[in-house]
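Trainee: Return a 3D structure for these sequence lines:
(one chain, ligands or ions: 2)
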Amino acid sequence: MKNIKIYEPDDKMVTLIKDNYSVLQALGSFGINLGFGDKTVSETCRLNGVDTYTFLAVVNFTINNSAKFEDDDQISVPTLLRYLKASHTYYLDFQLPFIQRELKESINDSDPLGKLIMKIYDEYSQEIRRHMKYEEKTLFPYVEALLDGNQTSNYNIETFSKHHEQTDHKLRELKLMIIKYLPSDSLRNNQLTATLYDIFNNEEWLRHHADVEDHIFTPAIKRLERLNVQSDVTKNISSMVFNGAQESGEALSDREKDVIVGVVQGLQNKEIADRLNISVHTVITHRRNIARKLQIHSPAGLTIYAIVNGLVDISSVKL
Ligand SMILES: [Fe+2]
Ligand SMILES: [Fe+2]
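Mentor: Ligands and ions are numbered 1, 2, ... in the order given. Predicted structure coming up:
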């Protein structure tokens, strides 16, 4: 069974890479270049403006493929977003053309079989490009808006999650075609073997990329959505409370505020009347005016108003 090792902020960056050279591909996408000497993971991350916790979450997940990140509130969404965007650029602008060049050099494309292999690769390139462009045009701007506190009503992470699929089946097919059916002379055999090795590597990279999106990014965005909804509710309550008074254009009188305090403390109309030395009829009139001015009718609503506007101390209110 594979040993599971979880790397920590104080581990040396060079040790992490020596133990797991596959992490090299992720470094560039985090904006971390080689040449980090004996610096620790946290020192290297700090120098490059990368959130250490998020870096280690991705790296440990990639290495061990076992971690769960549901409700992990320490993940930095901006760091993860930058990482995913840079990963797309790395794959589309560097890896895809790189493999294409390698394939062209290692197969005879004037041969019908060679032509078909190139065709499968072109189709695969288009498919993965479509997949990533969709995320760049729809998902990432949605997340950026969420980070700014704006949640659009016609899209959410659940919609993305439902339709997010692995995109490596064409690559698998291509690999099999080459291994099983493509005749190769001894001259091209080494080149073709090296290309195959890179295709295997690409396949693994893509799987990790999709796993990070599914198991780290998606839960982090779900959490962000929940937080936005909560803050919207708070904003709505406050605006209800404040706008209520502003809409009518009439401020509450001191006597009306005294009546609210009585209501919030659970007093009956008669008790409020006795305390303020006014008639029960006047208390009822005050209550009617308060409801009209604030558009708040229930004792619970008046309690919220009283707390938010400092008429009563929250500790004195029985909730
Ligand atoms: Fe992606
Ligand atoms: Fe994806």
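Trainee: Can you tell me the closest non-neighbouring residue to the residue nearest the centre of the chain?
Mentor: Geometric centre of the chain, nearest residue: Ile221, 3.1 Å, by Cα atoms, centre = their mean. Nearest-residue entry for Ile221: Ile157, 4.2 Å, with adjacent residues in sequence omitted and distances by Cβ to Cβ, 6 or more residues apart in numbering. C-betas here are computed from N, CA, C, even on glycine.
Trainee: For the one you found, the count of nearby residues, please.
Mentor: Applying other Cβ atoms under 10 Å, we find 21 residues neighbouring Ile157.
Trainee: Next SSE downstream of the helix or strand of the chain with the lowest mean pLDDT?
Mentor: Least confident helix or strand, the chain: helix 218-248 with a mean of 67, by mean pLDDT, DSSP states H and E. Using DSSP states H and E, the helix or strand that directly follows helix 218-248 along the chain is helix 254-264.
Trainee: Mind listing what's buried along that following helix?
Mentor: Under the neighbour-count criterion of 16 or more other Cβ atoms under 10 Å, helix 254-264 has 256-264 buried.
Trainee: same thing with stretch 277-284?
Mentor: 278, 282-283.
Trainee: Sort out which of these are in helices and list them.
Mentor: 282-283 (DSSP state H).
Trainee: would you turn the buried residues of stretch 277-284 into a markdown table with pLDDT?
Mentor: Shown next, in a markdown table, are these (pLDDT from 0 to 100):
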| residue | pLDDT |
| --- | --- |
| Ile278 | 91 |
| Thr282 | 92 |
| Val283 | 92 |
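Trainee: quick one: which of the buried residues of stretch 277-284 is nearest to Thr54?
Mentor: Ranked by distance to Thr54 (Cβ to Cβ), these are led by Val283 at 58.1 Å.
Trainee: and that closest one, what does it touch?
Mentor: By Cβ atoms under 8 Å, 6 or more residues apart in numbering, the contact set of Val283 is 259, 269, 272-273, 276.
Trainee: Among those residues, which ones are in helices?
Mentor: Per DSSP H, the contacts of Val283 map to helices at 259, 269, 272-273, 276.
Trainee: what's the farthest-apart pair in these?
Mentor: Greatest spatial distance in those: Asn269 and Leu276, 10.7 Å, computed using Cβ to Cβ.
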